[in-house]
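Undergrad: no FASTA, just this:
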Ligand code: ATP
Ligand code: FE2
C-alpha cells in the first residue's frame, strides 16, 4: 500500500511517499523555511509552504517513481503546530484525497516522531525523547494512549540552544554550532541544573548564561561544552526516570536536537547501563519530515481508522494523549 504523507506543523514543509510493503520510504522531500535569526512570522512561513507545494510534490513523486493515481492513502499532520502553516498541509491533503478519490487520515505530529522509529528500527515499545525547537517531551505508550511523562516547564531545548548561540554570536541554527564549539573543549564550567521529577526547566540556566557571556570571562568553547554536558544530563536523567517508571528498556530519539552526537552518546551509555538500548534514526527522520506522517497514517489506516473530510480541519492544540491509539 502506498501512502503520500504531508508535514507542515512549523518551519518545515515536506512530502513523502512510503510503501508499507518492505517498509520502504520511496521519497522524503523537505523544504525548510530559514531566517538568519530563527525568528518566525507565521504568515511568512505559510507563504513559503504555499510556494513549496509544487516543487516538493513533484520531487516526491519523481523520486518515488510513482504516478499520483497509484497512491492509496493521503496522510497529513493535523496538529499540534502553527495554525497558519498547518492549514497549508491540511488543505493540500483534502484536495489530493478528493482529486484522487482516496482515503484521508489526520496524524498527530508528536506521535509520528515515535511511530517512525517503531517502523524503521527494531524498537518495539520505546520511550521517546522528543527534543526539537519548541518541543521537549518524554513520551511513551501506556494503557491505550501515548502519554507525556515529562516535559520542559519553560523553554524547548532547541529554542534554548538557538538563543544561547545567538547570544554568543554563533548564528542560527544554534544547535549544530554549539556542538562544533563544544568539541574543542573539555573544561566544565559549573552551571545550574534543574530537574523536577520527570520535568526540566531551562529558564534559570538561560539567565545565568546571559550573565556569564556578558562578563566576558569564559571562552565560547568552554561554555558550549558545559551547556551540552548540563542540558543533556538533564534530558538523560528524565528519560531514564520515565524508563524506570514505565518499565521499558528501549529509548528512541526524535526531533532536531537528537541529531547531536554527544546527546546520542550519553543516551547510549545510560541505556547500556540499564541493560537496554538506544535507537537512533538517520537525521532525515529525526528532524521534522513527512515520512513519519505517511508511516503513522499507514499504521492508523490498516487498523481501520480514517478521517472524514468534515473532520479534517487542523488541530493546533492537539495533545499527545488526546489521540486514541487504535493501531497498537
Ligand atoms: P518543532 O516545531 O517540532 O519543535 P522545529 O521546527 O524546531 O520543530 P526540528 O528540525 O525538529 O524543527 O529541530 C530544530 C532544532 O534542532 C533547532 O533548534 C536546532 O538548533 C536543533 N538542532 C539541529 N541540529 C542540532 C545538533 N546537532 N545539536 C543540537 N541541536 C540541533
Ligand atoms: Fe517535530
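TA: Right, received. Where do you want to start? Quick caveat: nothing in here was measured; it's all calculated off a predicted structure. Ligands and ions are numbered 1, 2, ... in the order given.

Undergrad: any idea how far residue 45 is from ligand 1?
TA: Residue 45 is 10 Å from ligand 1, where distance means Cβ to the nearest ligand atom, to the nearest Å. C-betas here are computed from N, CA, C, even on glycine.

Undergrad: Tell me, how many residues neighbour that residue?
TA: A count of neighbours around residue 45, defined by other Cβ atoms under 10 Å, yields 22.

Undergrad: Just give the nearest non-adjacent residue to it, would you?
TA: The spatially closest residue to residue 45, leaving aside those adjacent along the chain, is residue 33, at 4.7 Å (Cβ to Cβ, 6 or more residues apart in numbering).

Undergrad: burial of that neighbour, as a residue count?
TA: Using other Cβ under 10 Å, the number of residues around residue 33 comes to 18.

Undergrad: can you check residue 68 too?
TA: Counted with other Cβ under 10 Å, residues neighbouring residue 68 total 12.

Undergrad: With residue 310 instead?
TA: Using other Cβ under 10 Å as the criterion, residue 310 is surrounded by 6 other residues.

Undergrad: how close does it get to ligand 2?
TA: Separation of residue 310 from ligand 2 (Cβ to the ion, to the nearest Å): 27 Å.

Undergrad: looking at this, that residue is in a helix?
TA: Yes - per DSSP: H, G, I helix; E, B strand; the rest coil, residue 310 lies within a helix segment.

Undergrad: Make 5 the first number, not 1, from now on.
TA: Fine by me, first position is 5 from now on; the one you just mentioned is residue 314.

Undergrad: residues in contact with it?
TA: By Cβ atoms under 8 Å, 6 or more residues apart in numbering, residue 314 lies in contact with nothing.

Undergrad: What lies in contact with stretch 225-236?
TA: The contact list for stretch 225-236 (Cβ under 8 Å, 6+ apart) reads 161, 164-165, 168, 172, 182-183, 185-197, 206, 209, 213, 216-217, 264, 266-267, 270.

Undergrad: Among those residues, name the ones in helices.
TA: Taking DSSP state H as the definition of helices, those contribute 161, 164-165, 168, 172, 182-183, 185-186, 209, 213, 216-217, 266-267, 270.

Undergrad: Look at stretch 280-293 and report the distance between its end residues.
TA: Terminal residues of stretch 280-293 lie 27 Å apart, using Cα to Cα, to the nearest Å.

Undergrad: mind listing what's buried in that stretch?
TA: Residues of stretch 280-293 classed as buried: 280-285, 289-293 (neighbour count, 16 or more other Cβ atoms under 10 Å).

Undergrad: likewise stretch 322-332?
TA: Neighbour counts over stretch 322-332 (16+ other Cβ under 10 Å) mark 322, 324-325, 327, 329 as buried.

Undergrad: wait, does that stretch contact ligand 2?
TA: No - Stretch 322-332 lies out of reach of ligand 2 by Cβ under 5 Å from the ion, never closer than 11.9 Å.

Undergrad: The spatially closest residue to residue 190 that is not a sequence neighbour: which element?
TA: The shortest distance from residue 190 to any residue that is not its chain neighbour, by Cβ to Cβ, 6+ apart, is 6.6 Å, and that residue is residue 229. Following DSSP states H and E, one finds residue 229 within helix 224-250.

Undergrad: What strands flank the next helix or strand after that helix, and is each parallel or antiparallel?
TA: Reading on from helix 224-250 to the C-terminus, the next helix or strand found by DSSP H and E is strand 254-258. For strand 254-258, the pairing partners within the sheet under DSSP bridges are strand 131-135 (parallel), strand 281-283 (parallel).

Undergrad: For ligand 1, find the nearest of those.
TA: Each of those was checked against ligand 1 via Cβ to the nearest ligand atom, and the shortest separation belongs to strand 131-135, namely 7.7 Å.

Undergrad: Quick one: residues in contact with the closest one.
TA: Contacts of strand 131-135 from elsewhere in the structure, counted by Cβ under 8 Å, 6+ apart, are 114, 117-118, 121, 140-144, 153, 160-162, 239, 243, 246-247, 250, 252, 254-262, 267, 271.

Undergrad: Done for today, thanks.
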